[in-house]
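Chemist: Coordinates only, no sequence provided:
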C-alpha cells in the first residue's frame, strides 16, 4: 500500500507553488499599463507611496502628487519587469526590468532612451503595493 501511494505521488510530478514575488511583477505591469493609458504622471502618482525617495535628485523625498508635474507632456515610458524578489516577511520587495523613454530633449527634438530600472515596493496597510523608490540606469 505504501508503495502504491508513493508511486502515485511520484508519477503525478512536482507541484510548484506560485512565486510569491509574482505579486510584485503584477503590480509593476499594472503600473506600466496605467502609464501607457494615462501617461507617466498619473501612473507614478497612483502607484507611489505617500512619500517616495528619489535618488540623484535635488528633492530626495517627494510626495506622490509631485509626479503629476515631473514628466513633460510628450513623455512616454514603457517598461516590463523581468525579475522580482520579495522579503521573507512579505512586506517589501523589488522589481527590475527594462524601460524605453520617449519624449523631447532640451532642444525640443524627439528623443528616445533606454534604461534598466529598479523599483522598491512596500506593502501598504490596505494590502496594495506602492513604490517607495524608483530609479533607472542608462543602457545603450
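Modeler: Thanks, I have the structure now. Values in this document were obtained by computation on a predicted structure and should not be read as measured data. Numbers count the residues shown, from 1 in each chain.
Chemist: rest of the way, CA atoms for contacts and neighbours
Modeler: Noted.
Chemist: what separates stretch 50-68 from the chain centre, distance-wise?
Modeler: The chain centroid and the centroid of stretch 50-68 are separated by 16 Å under CA atoms, centre = their mean, to the nearest Å.
Chemist: rounded to a whole number, what's the mean pLDDT of it?
Modeler: Across stretch 50-68, the average pLDDT comes to 83.
Chemist: Please report how far the most centrally placed residue in the chain lies from residue 104.
Modeler: By CA atoms, centre = their mean, the chain has its centre lying nearest to residue 28, at 3.4 Å. Applying CA to CA, to the nearest Å, the value for residue 28 to residue 104 is 25 Å.
Chemist: Enumerate the positions of the helix or strand where the residue nearest to the centre of the chain lies that are buried.
Modeler: Per DSSP states H and E: residue 28 is located in helix 22-38. Within helix 22-38, the residues scored as buried using 16 or more other CA atoms under 10 Å are 23-25, 27-29, 31-35.
Chemist: and residue 58, helix, strand or coil?
Modeler: What DSSP: H, G, I helix; E, B strand; the rest coil gives for residue 58 is coil.
Chemist: Can you give me the neighbour number for residue 108?
Modeler: 8 (other CA atoms under 10 Å).
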